[in-house]
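Student: model the structure of this input:
(one chain, ligands or ions: 1)
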Amino acid sequence: MTSEAVQSSLNSPHTNAVDTAQTLEVTIERFADQGRCIAHVDGRVVFVRFALPGERVRISLDPGAERKDRFWTGEVVEVLEASPYRVSPAWPAAGPVSMGGGVGGADLVHVNLEGQHLWKKTLIDEQMDRLANVDSDVELHAVASDEQRGGLHWRTRIEMVADEAGRPSMHQRGSHERLAIDDMPLATQELNGIATQEGVWKGGFEPNASIRLAVPALHGSDKREDNFALIVNDKLVAGRSTLTETVPEVQIGSTKRTLSYSVAADGFWQVHRQAPSTLVNAVLQAAQNELTSAPHTIWDLYSGSGLFTVALGLLAGKGGNGLFSVEGSPVAVRSARKNLRHAGLEAAQARQGMVNRALRSIPERFLHPNLVVLDPPRAGAKAQVVHQITAAHPDVVIYVACDPTSLARDMTTFIADGYDPVDLQAYDIYPMTHHVETIAVFRR
Ligand SMILES: C[S@@+](CC[C@H](N)C(=O)[O-])C[C@H]1O[C@@H](n2cnc3c(N)ncnc32)[C@H](O)[C@@H]1O
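Tutor: Predicted structure coming up:
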């Protein structure tokens, strides 16, 4: 039956509800956001999970679809004509529900890495064009060794929930069920090893307990010892509460350095084992490429535990004089201050507070930055903060974004305030998922 024929039988004149027990055969047209692709049924958009453009697939619509809806959502149940980018999921539990999957966290698990990169690049370029009116041809950089690991084994942090039987589990999409798991293919082998060592996969947790495990990647001569944290219901049960994170091969001017950070086990840290060095080097490189004089006054906004702050301070020299960071989380700011002291950057000021408020009372010596770096959460910085930044007239702004849509929206504000986007690079630090990191550089 074609989608049109099925559709007319779905559209019962007596009820608004759509019979979602029936499946539909559709052609997938293009990539969309959140790991979904677009098809049409009877003129209506359907966002389809586990699909790829050009494919002919059979889908089931998500329960609750109604004829009055502007769009529907659904999931592939059978692939009739496959895209060359399709692979069978390396982590079946994260695949389609009808194929034994349903846990979240890897919505591109049906796509090879080349197809994942194409998907992310396409969406970034489309968002820049559609929302910021910028003609973009972003370069997407893969992290070295992800290819070798097939896009798996990159997470240094995982979160799970205990099921009714006390086993680690993840929620199944579209149901109240949880699927027990005894391995996490996206996590590093070291993390899975510590989980086994600590008996995590054996279960025995209180039902519904939250389970978090953070295991820093080891580099060079690092030793594991107890450098990990198992946190259950927000309480440390094994390992330690302050972790040491090593960031190797950071290019500061003409020297490569290994940086060491103290990070609260329950605080923010980039999740991919190579994200810290990849992003720090990208930010430092952009700063050196774009600044016409040495950085003298630098703001690092949404600075977390000081990942960029320390590296930028070392690049600028002068013991951190001229370095001003802002971060909302008190725990992260404590780590940042420790990291700045440890790096000999005592003259820096790491302010705790909301960025929009902190920028209303900037100490005199930081009033005229020539460089601003910002790494806001998914929602972006928003217009007020962008105006506060541009009002300080920095020569260069480096915007690290985990959501290209928010970046594109903030880009319109930067452009309206007289800042040109001069470089855009993307980094695939979240393989197997639709997430991607984008770094935009603006110049006045
Ligand atoms: C994407 S993280 C970046 C952290 C850091 N740059 C790094 O790479 O490790 C965003 C940070 O912004 C902080 N944050 C979120 N909203 C904030 C706000 N309105 N004001 C200050 N900090 C905020 C979060 O606590 C988090 O540490």
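Student: what mean pLDDT does stretch 29-37 get?
Tutor: Across stretch 29-37, pLDDT averages out at 96.
Student: what does it contact?
Tutor: Counting contacts by C-beta atoms under 8 Å, 6 or more residues apart in numbering, the residues outside stretch 29-37 that touch it are 28, 38-40, 47-49, 51-53, 73, 107-108, 119, 122-123, 405, 433-434. From N, CA and C alone the C-beta is placed, and that goes for glycine too.
Student: try 6 Å this time
Tutor: Outside of stretch 29-37, the residues within contact range by C-beta atoms under 6 Å, 6 or more residues apart in numbering are 28, 38, 47-49, 51, 53, 107-108, 119, 122-123, 434.
Student: mind listing the strands for the stretch 101-250 of the chain?
Tutor: Using DSSP state E, counting those that start in this stretch, the strands assigned to the stretch 101-250 of the chain run over residues 139-142, 157-162, 168-171, 178-180, 210-214, 229-232, 235-239, 242-252.
Student: show residues contacting stretch 262-281.
Tutor: So stretch 262-281 is contacted by 143, 154-157, 188, 214, 217, 229, 241-243, 245, 247-251, 304-305, 307, 311, 331-332, 335, 338, 427, 429 (C-beta under 6 Å, 6+ apart).
Student: and if you look at stretch 171-181?
Tutor: Where contact means C-beta under 6 Å, 6+ apart, the residues beyond stretch 171-181 that reach it are 102-103, 163, 167-170.
Student: report how many residues lie close to the residue nearest to residue 57 when sequence neighbours are not counted.
Tutor: Computed as C-beta to C-beta, 6 or more residues apart in numbering, the closest residue to residue 57 that is not its neighbour in sequence is residue 76, at 4.8 Å. The local packing count at residue 76 equals 27, with neighbours defined by other C-beta atoms under 10 Å.
Student: OK, contacts around residue 76?
Tutor: Taking C-beta under 6 Å, 6+ apart as the contact definition, residue 76 lies against 50-51, 57, 59, 96.
Student: what about these, which are in strands?
Tutor: When DSSP state E is applied, these are split such that 57, 59 fall in strands.
Student: show me which of the contacts of residue 76 is closest to the ligand.
Tutor: For the contacts of residue 76, the minimum distance to the ligand (C-beta to the nearest ligand atom) is 27.8 Å, reached by residue 50.
Student: got the residues of the protein near the ligand?
Tutor: Where proximity means C-beta under 6 Å from any ligand atom, the interface of the chain facing the ligand comprises 268-270, 302-305, 307-308, 326-329, 332, 354-355, 375, 377, 402.
Student: in the stretch 251-400 of the chain, which residue sits closest to the ligand?
Tutor: Distances from the stretch 251-400 of the chain to the ligand, computed as C-beta to the nearest ligand atom, single out residue 304 as the nearest residue at 2.7 Å.
Student: run a quick neighbour tally on that residue.
Tutor: Under the neighbour criterion other C-beta under 10 Å, residue 304 is assigned a count of 23.
Student: residue 208 now?
Tutor: Other residues within reach of residue 208 by the criterion other C-beta under 10 Å amount to 12.
Student: what subset of the contacts of stretch 262-281 is buried?
Tutor: When burial is judged by neighbour count using 16 or more other C-beta atoms under 10 Å, the buried members of those are 143, 154-157, 188, 214, 217, 229, 243, 245, 247-248, 250-251, 304-305, 307, 311, 331-332, 335, 338, 427, 429.
Student: picking that back up, same list (the contacts of stretch 171-181) but as JSON lines, adding neighbour count and pLDDT.
Tutor: Listed next are the contacts of stretch 171-181 as JSON lines, based on neighbours: other C-beta atoms under 10 Å; pLDDT from 0 to 100:
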{"residue": "102", "neighbour count": "21", "pLDDT": "89"}
{"residue": "103", "neighbour count": "21", "pLDDT": "90"}
{"residue": "163", "neighbour count": "21", "pLDDT": "95"}
{"residue": "167", "neighbour count": "20", "pLDDT": "96"}
{"residue": "168", "neighbour count": "25", "pLDDT": "97"}
{"residue": "169", "neighbour count": "22", "pLDDT": "95"}
{"residue": "170", "neighbour count": "21", "pLDDT": "92"}
